[in-house]
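Q: how would this look folded up:
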Amino acid sequence: MKFEVSFLRVFLQLQPSNFKLHTFQKPPIIVKLVDAPRDPTGIADVVVGALGLTTAIVLLAVLLGVMLAGVMFWVRSRQNRPRCHY
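A: Residues are numbered from 1 along each chain as shown. From the prediction side, this is the model:
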């Protein structure tokens with residue numbers, strides 16, 4: 001009987017489940033989630049900046065148009081045009 005018990009014990013120890021490779025457990029990776037930094041410029045700042053830039057470009061275009069019109073008027077008024085005598 002003793003032989004049967006020891007044989008059974010040896011048989012249970014030789015099961016394939018006991019032959020697994022022992023893997024060492026790696027320490028867990030801990031990830032700390034941090035909120036992203038806020039953008040200091042909000043949508044209002046962007047809109048105001050865009051409107052300011054657009055206004056500056058429009059005013060520059062109007063000023064250059066008025067200057068060009070003045071130069072054209074001055075050049076034309078200085079031309080020698082034949083006068084019509086009826």
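Q: For stretch 63-81, give the mean pLDDT please.
A: Per-region confidence: stretch 63-81 scores 91 on mean pLDDT.
Q: neighbouring contacts of that stretch?
A: Stretch 63-81 has contacts (Cβ atoms under 8 Å, 6 or more residues apart in numbering) with no other residue. Placement of C-beta: from N, CA and C, glycine included.
Q: for the protein, which helix is longest?
A: helix 43-78 (DSSP state H).
Q: how about P28, secondary structure?
A: What DSSP: H, G, I helix; E, B strand; the rest coil gives for P28 is coil.
Q: For it, grab phi and psi.
A: Per-residue torsions, P28: phi -70, psi 150 (degrees, to the nearest 10).
Q: per-residue confidence at it?
A: pLDDT at P28 comes out at 88.
Q: Same question for Q13.
A: 60.
Q: Quick one: end-to-end distance for stretch 30-40.
A: Taking Cα to Cα, to the nearest Å, stretch 30-40 runs 30 Å from one end to the other.
Q: let me redo that: stretch 31-40
A: 26 Å.
Q: For that stretch, the averaged confidence score.
A: For stretch 31-40, mean pLDDT rounds to 82.
Q: List the buried residues of it.
A: By 16 or more other Cβ atoms under 10 Å, stretch 31-40 has no buried positions at all.
Q: Q25: how many residues sit nearby?
A: 6 (other Cβ atoms under 10 Å).
Q: gap between V31 and R38?
A: Separation of V31 from R38 (Cβ to Cβ, to the nearest Å): 21 Å.
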